[in-house]
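# Attaching a predicted model along with its sequence, questions to come.
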Amino acid sequence: MILQDRLAPRVGVFAWTLFDFANTAFYVVVLTVGYPTYFRRIVAGASDQADLLWGLSFSISMVIVALISPVLGAVADSGLGKKRFLAFFTALCISATALLYFVESSMIVEGMILLILANVGFEAGLVFYDAFLPEITTEKHYGRVSGYGFAMGYVGSLVTLAVAFPLYAGGFDIANLGNVRESFPLAAGIFMIFALPLFVFLRERRPEGRLSATVARAGFARVASTVREISKFSNIARFLIAYFLYIDAVNTIIIFSGIFAMETFHMELADIVVFFAMVQTSAIAGSAAFGWVADRIGQKRTLNVTLFLWIIIVASAGIVQDVTTFYIIGVFAGMALGSSQSVSRSLMSHLTPPDKKTEFFGFYSFFGKAAAILGPVIFGFVASQTTQRAGILSVGILLLAGLVILQRVKDPSAKIRGNGRLSDPGLPA
């Protein structure tokens, strides 16, 4: 019994990180490598607005998620339970991803609708997944556990790319399009299999409740209350604004990276898979290493380094001409990607009051998703009117603005050393 009690937290952490392994199958196949290039070349290939259509699809999905994520977080905090919401949105993502197999040439509307549904399921589920972090570890270890989750996710993306590579080897040749489409249900299957341990082994502290109009109203009421009270948490507000800006740029770079590699550097689909394998490998090191560093020097200092690195990456991608240099940029982008995502999540955990974790993570998700509404449309519009290089350079302004505002955020994690704990992580500035 004693051994079981000791192993339970570790099993819970492992099951939680394994969900990151699972959902990156969708992330890498549908958002970054397979479906973006398939959509650009096959589904919307006849349209000169293909980049704009892709960005618009992603932005519409983010509008939906941005509108519902604060409410979902508040309802879960009211006692309904995070697991059942996570299960619903995971099933939505998996189902829509599998159905992409049936999307063929010129099926633009169908392809956009399924992408929207799949991404809503993916992103809305992350509201509840992220909110489990304070339940599975101590405040002192937020950074490293968050980093472990992202590192496991990047391992999952490498495994997915390795499994899908034979399907992509023939590129967009007419005879190989069926193989490319097969990668979509493949990603759905990987997501489903490796997500199951979370639902089986991870214990949820809050008791399960019943969905009712009363609970829903309570969720809306808590959101309204949080909006009124957010002025009391000016430090959190400043961080959310900074996050809004820099994560917009990061999300935009991610969803257009495969298209950028194909159209600007004329890379074949198999070459893009290899490129992203390199990116994911460096991201594993970045998420784990920077999570460890963040627990020692503070989350804000680590984010400063990461965002400065992102600015250099964007500037370089906008001017380099040869593919070899682009590969090198991809390696550094992977390191910055792993760090910016995992450290942002752990910093948010430090900033929020203990009794409002899920609700505030709903707003954290809201700002992250709302940010992704504008960036892809801007990139798509600029790229459609000028060049993709101009589009990628435009997001550098968002990174710089986010970095500037981040300097005004007080980092409570910098005060946590050794056995010390912060008494009020949500202390107003």
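Cool, got the structure.
# ok, now which ones touch the residue nearest to residue 27 when sequence neighbours are not counted?
Ranked by CB to CB, 6 or more residues apart in numbering and with sequence neighbours excluded, the top spatial neighbour of residue 27 is residue 157, at 6.7 Å. Every C-beta, even on glycine, is put in place using the N, C-alpha and C of the backbone. Residue 157 makes contacts with 24-25, 27-28, 276, 280, as judged by CB atoms under 8 Å, 6 or more residues apart in numbering.
# Which pair in those has the greatest spatial separation?
Largest separation among the contacts of residue 157 by CB to CB: 25 and 276, giving 12.8 Å.
# Show me which of these two is the more surrounded one.
Neighbours of residue 25 and residue 276, each counted by other CB atoms under 10 Å, are more numerous for residue 25; the result is 30 against 24.
# Quick check: the more buried one touching residue 187?
Yes. Shown here, residue 25 and residue 187 form a contact pair, counting by CB atoms under 8 Å, at 4.4 Å.
# looking at the chain, which helix or strand does the model trust least?
When each helix and strand of the chain is scored by mean pLDDT, DSSP states H and E, helix 213-229 comes last, with a mean of 67.
# Which SSE is immediately downstream of that helix?
helix 234-264 (DSSP states H and E).
# Show me which positions of that next one end up buried.
235-264 (16 or more other CB atoms under 10 Å).
# Repeat that for stretch 298-312.
Neighbour-count burial for stretch 298-312 flags 298-307, 309-311 (criterion: 16+ other CB under 10 Å).
# cool, and stretch 92-100?
Along stretch 92-100, these residues count as buried under the neighbour rule (16+ other CB under 10 Å): 92-94, 96-100.
# Helices - which of those land there?
Among the buried residues of stretch 92-100, the members falling in helices are 92-94, 96-99 (criterion: DSSP state H).
# what's the burial count for residue 177?
The burial count for residue 177: 17, using other CB under 10 Å.
# Please shift the residue numbers so they start at 633 in all later answers.
Understood, numbering begins at 633; the last thing we discussed is residue 809.
# Now do the phi/psi pair for it.
Main-chain dihedrals, residue 809, degrees, to the nearest 10: phi -60, psi -30.
# give me every residue that touches the closest residue to it other than its chain neighbours.
By the measure of CB to CB, 6+ apart, the closest residue to residue 809 outside its immediate chain neighbours is residue 674, 6.6 Å from it. Under the criterion of CB under 8 Å, 6+ apart, the contact partners of residue 674 comprise 736-737, 804, 809, 812.
# Adding pLDDT, write the residues you listed out as JSON lines.
Compiled in JSON lines, the contacts of residue 674 are given as follows (pLDDT from 0 to 100):
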{"residue": "736", "pLDDT": "91"}
{"residue": "737", "pLDDT": "88"}
{"residue": "804", "pLDDT": "80"}
{"residue": "809", "pLDDT": "83"}
{"residue": "812", "pLDDT": "90"}
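# Quick one: which of these is the most crowded by neighbours?
If you count neighbours using other CB under 10 Å, the busiest of the contacts of residue 674 is residue 812, which has 23 neighbours.
# Distance-wise, check the closest residue to that one other than its chain neighbours relative to residue 737.
Setting aside the residues directly before and after it, residue 812 is nearest to residue 670 in space (CB to CB, 6+ apart), at 5.6 Å. Plainly put, residue 670 is 10 Å away from residue 737 if you go by CB to CB, to the nearest Å.
# now residue 942
As defined by CB to CB, residue 942 lies at a distance of 36 Å from residue 737.
# for residue 813, same thing?
With the distance defined as CB to CB, residue 813 ends up 11 Å from residue 737.
# try residue 934
45 Å.
# now do residue 893
Summarising the geometry, the distance separating residue 893 from residue 737, computed by CB to CB, is 22 Å.
# again with residue 982
Per CB to CB, residue 982 is found 49 Å from residue 737.
# Next: residue 650.
37 Å.
# ditto for residue 961
Taking CB to CB, one finds residue 961 at 32 Å from residue 737.
# now swap in residue 998 and tell me
Distance from residue 998 to residue 737, by CB to CB: 36 Å.
# Kindly report the same for residue 747.
If you measure residue 747 against residue 737 using CB to CB, the figure is 16 Å.
# Which residues outside stretch 747-756 are in contact with it?
Surrounding stretch 747-756, the residues in contact under the criterion CB under 8 Å, 6+ apart are 655, 658-659, 662-663, 667, 671, 689-690, 692-694, 696-697, 700-701, 704, 717, 721-729, 732, 997, 1001.
# from the contacts of residue 789, which ones fall inside helices?
656-657, 908, 912.
# which residues in the protein form strands?
Under the criterion DSSP state E, strands are not mapped anywhere in the chain.
# What remains of the contacts of stretch 747-756 if I keep only buried residues?
655, 658-659, 662-663, 667, 671, 689-690, 692-694, 696-697, 700-701, 704, 717, 721-722, 724-726, 728-729, 732, 997, 1001.
# pLDDT value on residue 664, please?
We note a pLDDT of 88 for residue 664 in this prediction.
# Grab the nearest non-local neighbour of it.
The spatially closest residue to residue 664, leaving aside those adjacent along the chain, is residue 890, at 5.3 Å (CB to CB, 6+ apart).
# Then residue 1006?
Take residue 1006 and drop its neighbours on the chain: the residue closest to it by CB to CB, 6+ apart is residue 880, 6.4 Å away.
# Residue 1033 is in contact with that neighbour, correct?
No. Counting by CB under 8 Å, no contact exists between residue 880 and residue 1033, whose distance comes to 9.7 Å.
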